[in-house]
Structures are given as structure tokens and as C-alpha cells.
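Trainee: sequence first, then the predicted structure:
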Amino acid sequence: MRQGPELRLLWYSSHLMSVSNAADKGLPTNVDAERFVLGSILLDDALYIQAAGTLEADDFSLEKHRRIFRRMGELQERGERIDRVTVANELMKFNELEACDGLSYLVSLDDGLPHIPNLDSYIRIVKDKAILRRIIFASQNMQTRCLLGEEEPDEILAGAEETLLKLGDARAKNGLVNAAQILDAYDGGINAFLDPSKRVTGISTGFTKLDEFTSGLHRGDLFILAGRPSMGKTALALSIARHVALRLQQTVAVFSLEMSKESLLNRLVCSVAHVDSQKFRAGYLNRDERRKLSEGLHQIVDSPLYIDDSTNIHLMEMHAQLRRLQAERKQELGLVVVDYLQLMTGRGRFENRNQEVSALSRGMKLLAKELKVPMLVLSQLSRAVETRQGDRRPQLSDLRESGSIEQDADLVGFVFREEVYKKDDESLRGQAELIIAKQRNGPIGTVRLQFLNFCTSFENPVNDIPEEVG
């Protein structure tokens with residue numbers, strides 16, 4: 001229901017609050033820190049670059065401070081000095097000097113102010129307060145939009161998601177560091193960095209040659225696993241998830257938008273037990289098979305493997321669930337699997353499907369970075385593969401609906417089984433390939449795998465060597 005003009009007035013009041021003096025509203029602010037930053041720049045204009053690397057004009061809580069910092073930036077761009085006189089002159093050009101309490105206020109900013117050796121601390125205080133205010137403004141804005149009731153709930157949630165993700169991304173920026181700082185933060189120090197045998201690698205996939213190619217799945221990376229229908233994308237993803245949860249005992253979260261949690265559990269149990277899934281569904285099992293299934297089920301039950309089969313899950317819901325799971329387990333997540341990208345829908349309005357998928361793939365990458373977890377996201381390929389003459393192995397250009405999937409991904413792998421196209425060729429039975437078409441920090445090439453059709457699972461082949469092509 002659309003609301004009356006009184007709620008519209010409330011919305012405008014809330015909006016105006018974001019551009020008024022925060023101190024007068026009791027919002028998070030530290031005026032002294034703002035004064036110290038501006039005063040230090042007036043004393044030594046070389047410090048403007050240091051401040052501008054972190055702060056924007058809107059990060060200051062007082063309107064006069066925002067105007068002063070903005071005019072300082074314009075002087076810097078023109079290569080002019082930044083001091084009391086030049087800043088006052090710049091403010092006069094825009095009739096803003098009086099609004100900033102005149103020249104006397106500029107003088108008070110640096111008058112008697114000593115050199116501050118730790119200006120970064122004051123810059124960080126100003127930035128932190130600005131972020132807190134933005135979180136408050138975003139919350140108020142969302143509340144008011146809900147009261148107005150003039151938009152769909154998905155549009156309001158989309159705005160909240162975008163705002164919070166951007167705030168989180170801005171907060172996570174580390175800036176430039178030198179080699180010494182990198183080594184100081186490296187687990188094991190310089191000796192571990194120089195000794196490959198002691199280096200910390202990614203999460204093992206359980207597939208020997210794939211681990212050699214990638215050094216495992218690395219935290220914060222987005223791994224796109226793509227293929228045409230019936231190639232085994234879900235089976236391969238579950239094989240990796242099974243290894244991480246059962247063998248490595250690391251927490252795994254699987255979001256399945258296509259299959260039910262019961263179907264996924266059936267697949268997992270049969271693959272762990274090496275029991276024919278068709279016989280399991282039909283109920284024709286002997287005593288040994290029942291024993292294997294029972295043992296396999298107990299292994300899965302005891303493992304830190306979690307499944308969500310919601311068909312309409314959104315990024316923010318996924319983010320909240322993963323945060324909660326991480327808090328409950330009191331440890332970092334080992335792996336997140338999403339099956340599959342094209343079944344997800346973005347919140348908000350998009351001009352076309354490409355924009356929507358682009359927003360989703362970017363969101364997945366941000367989520368992986370924020371939670372420091374490998375994200376294994378399944379993706380469909382276009383029909384161009386089916387119409388291609390001769391070799392039907394997928395290419396990066398076959399990724400469906402958005403070129404940004406390739407751009408956002410740290411690793412792109414294609415599942416390919418030629419037996420799907422040549423069903424009468426017995427020599428191809430069970431042969432599978434994982435084509436590493438893109439890898440940011442490693443080679444590309446082909447890893448051979450063994451597909452077990454009876455239990456819908458992948459395994460390491462015997463005596464196989466990957467074919468490196470780049």
C-alpha cells in the first residue's frame with residue numbers, strides 16, 4: 001500500500017540528515033581528529049596525498065570540513081600550494097568562506113598545532129566514523145523505504161546488499177605493502193617462503209593432478225566449474241566437497257538450486273560406498289552393499305558437510321548463512337559450492353540477463369574474499385558447444401550469458417566427457433577431462449579423471465599425467 005505525504009517527509013528528512021552536520025545529530029564523529037587532519041595539511045601540504053589516499057570529502061562529519069578538504073583537492077590538482085591563504089582564496093571563489101566561519105577558522109586549524117607523526121591514526125579515526133555513519137544512513141534509508149511501501153521488497157534488499165557489500169569492500173582494502181611486510185605476514189616467515197616443501201598450499205581437491213596444477217583451491221578464490229548438461233559438473237563438485245569434508249574434516253557448505261538435499265545425500269552416500277545408485281533407488285541391494293551404504297552414511301553424518309537446497313536463495317542470504325555457520329563451527333570454512341550460477345537471480349532491476357549474471361559473479365568473488373574461503377561455483381555453457389563441428393571441447397567463449405564470469409574467476413575449469421557424444425565407442429567409457437582454461441596463478445592444461453557412472457562419481461585415474469599447454 002502506498003503511504004501518505006507524512007512518510008515522504010520522513011524520507012526526505014532522513015536523506016537530508018546524511019548531508020548535515022553529524023555532530024549535531026549525535027552520530028559517530030570525532031571533530032578533533034578531523035581538525036588535526038586538516039590542520040596538518042595546512043602546515044605541510046605534502047600530507048594531502050597521504051590523507052587523500054584514504055579519505056574523501058564526504059568522510060568528514062562537518063559541512064565546513066568537507067568544503068575545506070574539497071578545495072584543498074582542487075588546489076592539489078592544479079599543482080598549487082595548500083595553506084591558509086590559498087585555501088581561503090579558493091573558498092572565496094565559490095562564496096564558501098563565510099560558510100566555513102571565515103579565515104579565522106582556517107587559522108585556528110593549524111595555529112599552535114605541533115607536527116603529528118602518526119597522522120595515519122587520525123585519518124583512520126575519521127574514516128572509521130564515516131563508515132559507521134554510512135551504515136546508520138543505509139539502515140535508516142532502508143527502514144524509510146519499507147515504510148513508504150512504493151517499491152518491491154527485492155528492490156529494497158538489492159539496494160541494501162549493494163551498499164553493505166561496497167562498504168565491506170572499501171573496508172577490506174589493504175593498500176600497498178613492501179616485500180618486508182609481506183614476509184612478516186607470511187606463515188612461517190622467510191624460510192617457509194623460500195622452501196616450497198614448507199609453503200602453505202590451498203585446500204586439496206582429492207585429485208592428485210588437479211592439486212599439482214593448482215596447488216589446491218586457495219582461500220578467497222573463485223573457481224568456476226562449467227560444462228554442458230550431463231557432463232558431470234555436480235558429480236565432480238560433490239567429489240571435491242566429499243574429500244574436503246570427510247578426509248580433511250573441514251567445513252563445507254553446498255548450495256544446490258537444482259537438486260533437492262535428499263537427492264544430493266543419495267549421490268553422496270552411493271559415491272562414498274561405491275554402490276550402484278540405480279540399485280539403491282530401486283532397493284535391490286545385497287547384504288554387503290547395505291553394509292557399505294550404512295558405513296558411508298555414518299561417515300557423512302559425522303562430517304562437517306552442510307546442504308541448502310533453497311531454489312531462490314540470494315547473495316545476502318548466502319552471506320548470512322555462511323557467517324552463521326562459521327560462527328557456530330568456530331573455524332574458517334573449507335569450501336563453498338554453488339550449483340549453479342545461472343539458476344540464481346539478482347535482487348533489483350537489471351537491463352538484461354548479462355548484467356544480472358555479471359552482478360552475481362562479482363558478488364561471489366567479493367563473498368569469497370570477505371569470508372576467505374574457496375568458492376566453487378558451477379556454470380552452464382552455451383549451446384555453441386553442441387553445434388561446433390569436430391572437437392567439441394569447451395572454450396572460454398562458451399561461458400553462458402556473461403563475459404564477466406571469466407573476468408571475475410581466478411580459475412575456470414570445463415568438465416568434458418567425449419563418451420557423451422560417442423556413446424558407441426567403448427574405448428571412451430569412463431574417460432573424463434577437466435580442462436583448466438584459465439588460472440590466474442598457474443598453468444592451463446588438461447587433467448584426466450575417471451568417471452564412475454554407476455555411482456555418479458569421479459576418481460583419480462591410474463598412471464596419468466596432465467597435458468600442459470600453457
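Mentor: Noted; the coordinates are in hand. Numbers count the residues shown, from 1 in each chain.
Trainee: could you chop the protein up by domain?
Mentor: 5-150, 196-468 (automatic domain parsing).
Trainee: which of the ones you listed sits most buried?
Mentor: For these, average neighbour numbers computed from mean count of other CB atoms under 10 Å are highest in domain 196-468, which has a mean of 18. Every residue, glycine included, has its C-beta placed from N, CA and C.
Trainee: distance from that one to the middle of the chain?
Mentor: Computed by CA atoms, centre = their mean, to the nearest Å, the chain-centroid distance of domain 196-468 equals 17 Å.
Trainee: export the domains of the chain to CSV and tack on distance to Gly159?
Mentor: Below are the domains of the chain laid out as CSV (distance: least, CB to CB, whole Å):
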stretch, distance to Gly159
domain 5-150, 7
domain 196-468, 7
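Trainee: could the ones you listed go into TSV alongside mean pLDDT and distance to Ile156?
Mentor: Output for these, formatted as TSV (pLDDT from 0 to 100; distance: least, CB to CB, whole Å):
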stretch	mean pLDDT	distance to Ile156
domain 5-150	82	5
domain 196-468	81	9
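Trainee: nearest to Leu157 among those domains would be which one?
Mentor: Minimum separation from Leu157 across the domains of the chain (CB to CB) falls at domain 196-468, 4.8 Å.
Trainee: show me what the helix or strand Thr86 falls within is packed against.
Mentor: Using DSSP states H and E, Thr86 sits within helix 84-93. In terms of contacts (3 or more CB pairs under 8 Å, 6 or more residues apart in numbering; DSSP states H and E), helix 84-93 is packed against helix 63-77, helix 102-110.
Trainee: of the ones you listed, which is nearest Lys93?
Mentor: helix 63-77 (8.5 Å).
Trainee: what angle separates that closest one from helix 102-110?
Mentor: Relative orientation of helix 63-77 versus helix 102-110 (axes from the mean of the first three to the mean of the last three CA atoms, to 10 degrees): 80 degrees.
Trainee: list the helices and strands the longest helix belonging to the chain packs on?
Mentor: In terms of residue count, the longest helix belonging to the chain (DSSP state H) is helix 119-148. Judged by 3+ CB pairs under 8 Å, 6+ apart, helix 119-148 is in contact with helix 5-17, helix 31-43, helix 47-52, helix 153-172.
Trainee: so how far is the second one off the chain centroid?
Mentor: How far helix 31-43 lies from its chain's middle: 35 Å, per CA atoms, centre = their mean.
Trainee: tell me what it is packed against?
Mentor: Using 3+ CB pairs under 8 Å, 6+ apart: helix 31-43 touches helix 47-52, helix 63-77, helix 102-110, helix 119-148.
Trainee: stretch 230-247 spans what distance, first to last residue?
Mentor: End-to-end distance for stretch 230-247: 27 Å, by CA to CA, to the nearest Å.
Trainee: how about the secondary structure of the residue nearest the centre of the chain?
Mentor: Taking CA atoms, centre = their mean, the centroid of the chain lies closest to Leu366, which sits 1.9 Å from it. Classification of Leu366 by DSSP: H, G, I helix; E, B strand; the rest coil places it in helix.
Trainee: same thing with Ser61?
Mentor: On the basis of three-state DSSP, Ser61 is classed as coil.
Trainee: pretty sure it sits against Arg35.
Mentor: No. Using CB atoms under 8 Å, Ser61 is not in contact with Arg35; the gap is 11.1 Å.
Trainee: how about the strands in the protein?
Mentor: Along the chain, counting by DSSP state E, strands occupy 222-227, 252-256, 305-308, 335-339, 375-380, 411-416, 431-439, 445-452, 457-459, 467-468.
Trainee: neighbouring contacts of the fifth one?
Mentor: The reference is to strand 375-380. Applying CB atoms under 8 Å, 6 or more residues apart in numbering, the contact partners of strand 375-380 are 217, 221-229, 233-234, 237, 240-241, 335-342, 361, 364-365, 367-368, 399-400, 405.
Trainee: how does it look with 7 Å?
Mentor: Strand 375-380 is contacted from outside by 222-226, 233-234, 237, 240, 335-342, 364, 367-368, 399-400, 405, using CB atoms under 7 Å, 6 or more residues apart in numbering.
Trainee: so who does the closest residue in space to Ile435 that isn't next to it in sequence touch?
Mentor: Excluding the flanking residues, the one nearest Ile435 by CB to CB, 6 or more residues apart in numbering is Phe414, at 4.3 Å. Applying CB under 7 Å, 6+ apart, one finds that Phe414 lies in contact with Ala226, Gly227, Pro394, Ile435, Ala437.
Trainee: put together a markdown table for these, with distance to His314 on each row.
Mentor: Formatted as a markdown table, the contacts of Phe414 follow (distance: CB to CB, whole Å):
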| residue | distance to His314 |
| --- | --- |
| Ala226 | 22 |
| Gly227 | 25 |
| Pro394 | 28 |
| Ile435 | 31 |
| Ala437 | 28 |
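Trainee: and which of these is nearest Glu356?
Mentor: Closest to Glu356, out of all of these and judged by CB to CB, is Ala226, at 17.7 Å.
Trainee: quick check: the closest one touching Gln395?
Mentor: No. Ala226 lies out of contact with Gln395 (CB atoms under 7 Å); the separation is 10.5 Å.
Trainee: relative to Leu106, how far out is Met92?
Mentor: 11 Å (CB to CB, to the nearest Å).
Trainee: could I get the helices and strands packed on helix 84-93 as TSV with distance to Gln299?
Mentor: Conversion of the helices and strands packed on helix 84-93 to TSV gives the following (distance: least, CB to CB, whole Å):
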stretch	distance to Gln299
helix 63-77	60
helix 102-110	67
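Trainee: quick one: which of the ones you listed is nearest Asn354?
Mentor: helix 63-77 (35.9 Å).
Trainee: on contacts alone, who are the packing partners of that closest one?
Mentor: Packed against helix 63-77 by the contact rule (3 or more CB pairs under 7 Å, 6 or more residues apart in numbering; DSSP states H and E) you find helix 31-43, helix 47-52, helix 84-93.
Trainee: touching the first one from outside, list them.
Mentor: The set of residues external to helix 31-43 that reach it, using CB under 7 Å, 6+ apart, is 23, 47-48, 51, 60-62, 65, 68-69, 72, 82-84, 109-110, 113, 116, 119, 122-123, 125-126.
Trainee: so for Asp308, what's the nearest residue that isn't a sequence neighbour?
Mentor: Phe255 (5.0 Å).
Trainee: who does the one you found bridge with?
Mentor: Asp308, Val338 (DSSP bridges).
Trainee: wait, it touches Val338, no?
Mentor: Yes. Judged on CB under 7 Å, Phe255 makes contact with Val338 at a distance of 4.9 Å.
Trainee: export the helices and strands packed on helix 31-43 to a markdown table and tack on distance to Asp410?
Mentor: A markdown table is the format used below for the helices and strands packed on helix 31-43 (distance: least, CB to CB, whole Å):
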| stretch | distance to Asp410 |
| --- | --- |
| helix 47-52 | 31 |
| helix 63-77 | 35 |
| helix 102-110 | 46 |
| helix 119-148 | 28 |
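Trainee: out of those, the one nearest Thr446 is which?
Mentor: helix 119-148 (46.0 Å).
Trainee: quick one, that closest one and helix 31-43 angle?
Mentor: Going by the same axes, to 10 degrees, helix 119-148 makes 130 degrees with helix 31-43.
Trainee: what sits against Met318?
Mentor: Phe255.
Trainee: now do 8 Å
Mentor: Taking CB under 8 Å, 6+ apart as the test, what Met318 contacts is Phe255, Val338, Leu367.
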